[in-house]
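Trainee: coords please:
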Amino acid sequence: QVQLVESGGGIVQAGGSLRLSCAASGRTFGSYAVGWFRQATGKEREFVLRIGRSGFSTYYADSVKGRFTISRDNAKNTVYLQMNNLKPEDTAVYYCAADLNVRAWGRGTEPKMYDFWGQGTQVTVSS
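Mentor: Numbers count the residues shown, from 1 in each chain. This is a model prediction of the structure:
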């Protein structure tokens, strides 16, 4: 079992920054990959980025490349999502999720591939 808790969401103006955190407990933190997804009102949940177990492997959706950065601190059991140059279209509930399976780089972009989810944190970007 893995428990995930997101924090750091809020309201920010376009062009601003936020850092989300995903705190994990339960299973050994370094034994699974973590992904971030987001879901805007009325839309399907979409992949944002993913980080591998050790933190060296990352994969980003095209929509956030150059603006978002994912990192993990295995000593603190936490994954971070640094979001810069935010746009109104980034407005959504952001979720972190744990994937217990080993996957090739570039895989792990579908929600069904993830085993455990946090409750989400709202990010609102005003224009």
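Trainee: Which elements pack onto the helix or strand containing Gln3?
Mentor: Assigned by DSSP states H and E, Gln3 belongs to strand 2-7. Using 3 or more C-beta pairs under 8 Å, 6 or more residues apart in numbering; DSSP states H and E, the elements in contact with strand 2-7 are strand 18-26, strand 92-99, strand 116-117. For the C-beta atoms, the positions are set from N, CA and C on the backbone; glycine is no exception.
Trainee: Run the angle between it and strand 18-26 for me.
Mentor: 160 degrees (axes from the mean of the first three to the mean of the last three C-alpha atoms, to 10 degrees).
Trainee: same for the helix or strand of the chain with the lowest mean pLDDT, what does it pack against?
Mentor: Least confident helix or strand, the chain: strand 58-60 with a mean of 93, by mean pLDDT, DSSP states H and E. Packing contacts for strand 58-60, counted by 3+ C-beta pairs under 8 Å, 6+ apart, involve strand 46-51, strand 68-73.
Trainee: contacting residues for the closest residue in space to Gln3 that isn't next to it in sequence?
Mentor: Leaving aside its chain neighbours, Gln3 sits nearest to Ser25 (4.7 Å; criterion: C-beta to C-beta, 6 or more residues apart in numbering). By C-beta atoms under 8 Å, 6 or more residues apart in numbering, the residues touching Ser25 are 2-3, 77.
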